[in-house]
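Enquirer: Have a look at this prediction, sequence included:
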Amino acid sequence: MESSRKQRWRQLQSVFEPGFKQMLLISLLLHLLVPVLYYAPFFPQRDIRKPPVYRVNLVNKPVKNPQAGRPEAVAEKKKPEAKPAPKPEPKPLPPSPKPVAPKPEPVKPKPVPVKPKPEPQPEPKAVAKKPEVKPAPVPAPEPVKTGPTKAQESALEKRLREIREAQEKKAQETARKDRLAALKAAAVAESAKKSPIADAPVGMIGGKGDEEGVSAVAFVQEFIQQQWSFSKYQAAGNPQAEVKLFYSTDGELLHYKFLKKSGNEAFDDSLIRAITKSRQLPQALPEAMEFHIFFNLKDMLDRR
Amino acid sequence: MKSLKVCFLISVLILSLSVTVFAARIEISSPGEQTIPLALTRLLPIGVGGAQPALAREFQEVLENDLEMSGLFEFVDPAAFLGDAERLGLSRTDIDFNQWRMLGSEALIKGGYSVSSGKVTIELRLYDVITQRLLTGRRYLGNSTDVRKIAHTFADQVLKSLTGEEGPFSTKIAYISNRTGHKELYLMDVDGYQPIRMTDHRSIVLNPDFSPTRKEVIFTSYKNGNPDLFRKEIYTGRESRVSLKPGLNIGGRYSPDGREIALTLSKDKNSELYLIGTDGTVHRRLTNHYGIDVDPTWSPNGQKIAFVSDRRGNPNIFIVNVHSLEVSRLTFEGKYNATPAWNPKDDRIAFARMDNGVFNVFTIREDGSDERQLTFGAGSKEHPRWSPDGRFLIYSHDLAGEKSIWIMRADGTGARRISAPGGNDIHPAWSVRW
């Protein structure tokens, strides 16, 4: 056993060219040098800027008992931009080694004081993932090899490192403070916001059910409102009308009836147009539903 | 006991059945769209007589301008029109409503015209695209010079069928201009076209007002040396003096029933408001104060008159009850409030207020609440007057030394100049519908 291995080794050695071992060693060392150089401060690390990732939950079907969550649910409103949360923000910790650029980095965005979302979010991040985007470091000039000597270079480097460390410490401090302020601001913003949780799953504010989706009632309300066009220059007095609509499960209007007309012909006609346009809902309903809709111009006339 | 149980069971069954249909109560308190998408197609030639694209274009321009001014509509881009816009079918069955619905329009205007021996016939239809219902249809016959008038008249009809209240576009606006070198009375269309000089007094003519019942205007003129109140029949041109008391006979305004005229007379040495008959006899003295009382304007029901008085120092607007002669003060803000005009349809009063040397148009409710500033910016805006339907206001706007007549909606939007350049145009007045 022993002899066979030695034998093979000798065989191999006979195959190897002289100096192979040294070459192997050099090669190994050179390979080791790669990570060393990579992490050495001479070479600036350029982060790959990832595009912000929005995760959109497409489950926004109208349901009867929606769960608590975000109400941005109606089919027409699928814009991720509307979400308040994800905003590419600088990640101050840990600060990546900065380039040897002698300028004091004016471009680095400071953490915005009003971050819409606090960092430690205890909720399971079901919907929106915070995009991990680091600020693009200032494109640094590559160290120019022509000028200073090695000694000068190392001295310069040392000094720069000191400055950088001080800077980093300061940056960390301010970042910490900023984050604290941001947390406070976020807390205030959060309490004023409609949705209790920015990253909440699709649902309704104050939803008490357990179904993922939006309230069918809100969906129908928004859809019919979108179909209704009426000008404030048509308005006379404060017209009000009450209509009963009956929708099938497929979202088809089976019949409707005016329980009370406003008496203002232009107003009533505009409602008939809106209802006619709402003959087929873009999505199915959880079940056949009946709606009593009260139409008035409260919000429009107030703004006049 | 058993029957009771059965009863209970049945009632439970009925209840559960009725609950299966879910009834939700919803309130929708404002429309999603606050304008009506309207498709306004080109007039197409009917039958023989040949096409006259210039006529069709002029008609379209006038109609579109009027409808745009109303603020009711959002026009569907004609570039998007599909095949139906080029087909003359005017009846309900001929129109492909699905095409129009696809473009998002809710209202559709189609029309055709024919010209033969100087006479023009224009047929027009306004459809509700969604319910495919004819809202209004008209056939107009006139001279080829009447195209603008026909367009204005149809615009009035469109507004009537969509709001219940006819538009004011086929009416006239009187104003004072000094284009000839003298201040004379002029008359023009609501869009400023066809201005006609009505007087040749070669002195000073001021402050016109239309009779609500007859086609005539009253105004003050210095033709005979004294500021007398004149009356002029618009179509016959007949002219006579209504009030020629010594001193001022100014600011005449017809009562809503057209039987009396409120005006300022200074026959008793101080300017006071009086009511006179259309024959010029003094019916009643309305004010009695050592201050100056001018610029009366009637409430729509003819019970009250708002006017300007400096009885409390600065010129302010007051309201006097025509029967009890009780006077109440309306404006308290500002140092100079003048030329009130009462909306013929509701309780708002428009007036001009000077702030920092510039007049702007304001409105206020009769009870002094809800004051709103309608115009802003440089250049005085004075002499506001309402359209007969209360939808629009006209006023004179001083821009870089040249005064011109402007029109805007009652909420202050859509302001645009209507009188042509080349003179100072002031004191506009809007006619009623004749």
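Expert: Arrived safely.

Enquirer: Now the stretch 101-250 of chain A against chain B: closest residue?
Expert: In the stretch 101-250 of chain A, the residue that lies nearest chain B is residue A:229 (3.4 Å; Cβ to the nearest Cβ). For the C-beta atoms, the positions are set from N, CA and C on the backbone; glycine is no exception.

Enquirer: Any buried residues in stretch A:225-238, and which?
Expert: Judged by neighbour count (16 or more other Cβ atoms under 10 Å in any protein chain shown), stretch A:225-238 contains these buried residues: A:225-236.

Enquirer: Of all those, the one with the weakest confidence?
Expert: Within the set of these, pLDDT is lowest for residue A:236 (76).

Enquirer: so what pLDDT did residue 119 get?
Expert: All of this is about chain A. pLDDT, residue A:119: 44.

Enquirer: right idea, wrong chain: chain B
Expert: Confidence at residue B:119, expressed as pLDDT, is 90.

Enquirer: before we move on, back to that, widest-spaced pair of the buried residues of stretch A:225-238?
Expert: Farthest pair in the buried residues of stretch A:225-238 (Cβ to Cβ) is A:226 and A:236. Separation: 23.9 Å.

Enquirer: Does residue B:331 touch residue B:316 like I think?
Expert: Yes - here residue B:331 reaches residue B:316: they are 4.9 Å apart, a contact under Cβ atoms under 8 Å.

Enquirer: any idea how chain A splits into domains?
Expert: The record's domain split for chain A, according to automatic domain parsing, is A:2-39, A:62-140+A:147-192, A:228-303.

Enquirer: count of neighbours near residue A:21?
Expert: 10 (other Cβ atoms under 10 Å in any protein chain shown).

Enquirer: Assumed it was part of a helix.
Expert: Yes - Residue A:21 forms part of a helix when assessed by DSSP: H, G, I helix; E, B strand; the rest coil.

Enquirer: With residue A:6 as the reference, measure out to it.
Expert: 17 Å (Cβ to Cβ, to the nearest Å).

Enquirer: Next: residue B:214.
Expert: With distances taken as Cβ to Cβ, residue B:214 is found 133 Å from residue A:6.

Enquirer: Compare the two and say which is more crowded by neighbours.
Expert: It is residue B:214, of residue B:214 and residue A:6, that has more neighbours when counted by other Cβ under 10 Å, with 15 against 10.

Enquirer: give me the element that one is part of.
Expert: Using DSSP states H and E, residue B:214 is not contained in any helix or strand.

Enquirer: what's near enough to touch it?
Expert: Listed by Cβ atoms under 8 Å, 6 or more residues apart in numbering or on different chains, the contact set of residue B:214 reads B:233, B:258.

Enquirer: sorry, back to before: please report phi then psi for the residue of the stretch 101-250 of chain A closest to chain B.
Expert: Dihedral angles of residue A:229 (phi, psi; degrees, to the nearest 10) stand at phi -120, psi 130.

Enquirer: so what's it closest to, chain neighbours aside?
Expert: Of all residues not flanking residue A:229 in the chain, residue B:33 sits nearest, at 3.4 Å (Cβ to Cβ, 6 or more residues apart in numbering or on different chains).

Enquirer: any low-confidence regions in chain A?
Expert: Residue ranges of chain A with pLDDT under 70: A:1-2, A:43-48, A:55-60, A:68-150, A:189-208, A:210, A:302-304.

Enquirer: Can you give me the neighbour number for residue B:120?
Expert: Residue B:120: 21 neighbours (other Cβ under 10 Å).

Enquirer: Kindly confirm my reading that it is in a helix.
Expert: No - read with three-state DSSP, residue B:120 is strand and lies in no helix.

Enquirer: Correct me if wrong: it contacts residue B:146.
Expert: Yes - counting by Cβ under 8 Å, residue B:146 is a contact partner of residue B:120 at 7.1 Å.

Enquirer: Show me which residues of the stretch 151-300 of chain B sit near chain A.
Expert: Residues of the stretch 151-300 of chain B lying near chain A by Cβ under 8 Å from any Cβ of the partner chain: B:162-165.

Enquirer: from what I can see residue B:85 touches residue B:41, true?
Expert: Yes - contact criterion Cβ under 8 Å: residue B:85 and residue B:41 qualify, at 4.7 Å.

Enquirer: which residues are common contacts for the two?
Expert: Contact criterion Cβ under 8 Å, 6+ apart; residues shared by residue B:85 and residue B:41: residue B:78.

Enquirer: Give the bridge partners for residue B:305, please.
Expert: Beta-bridge pairing of residue B:305 under DSSP bridges involves residue B:298, residue B:320.

Enquirer: how close does it sit to residue B:255?
Expert: For residue B:305, the distance to residue B:255 equals 9 Å [Cβ to Cβ].

Enquirer: Compare the two (neighbour count), which wins?
Expert: Taking other Cβ under 10 Å, residue B:305 and residue B:255 do not tie; residue B:305 has more neighbours (25 against 18).

Enquirer: quick one, what contacts that one?
Expert: When contacts are counted by Cβ under 8 Å, 6+ apart, residue B:305 touches B:262, B:273, B:286, B:296-299, B:319-320, B:322.

Enquirer: switch to 6 Å and redo it
Expert: Contacts for residue B:305 (Cβ atoms under 6 Å, 6 or more residues apart in numbering or on different chains) come out as B:262, B:296, B:298, B:320.

Enquirer: what's the farthest-apart pair in those?
Expert: The most distant members of the contacts of residue B:305, if one measures by Cβ to Cβ, are B:298 and B:320, lying 10.9 Å apart.

Enquirer: follow-up on the earlier one: take the contacts of residue B:305 and lay them out in CSV including pLDDT, distance to residue B:72 and neighbour count.
Expert: Shown next, in CSV, are these (pLDDT from 0 to 100; distance: Cβ to Cβ, whole Å; neighbours: other Cβ atoms under 10 Å in any protein chain shown):
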residue, pLDDT, distance to residue B:72, neighbour count
B:262, 96, 34, 26
B:296, 96, 33, 25
B:298, 96, 28, 23
B:320, 95, 37, 21
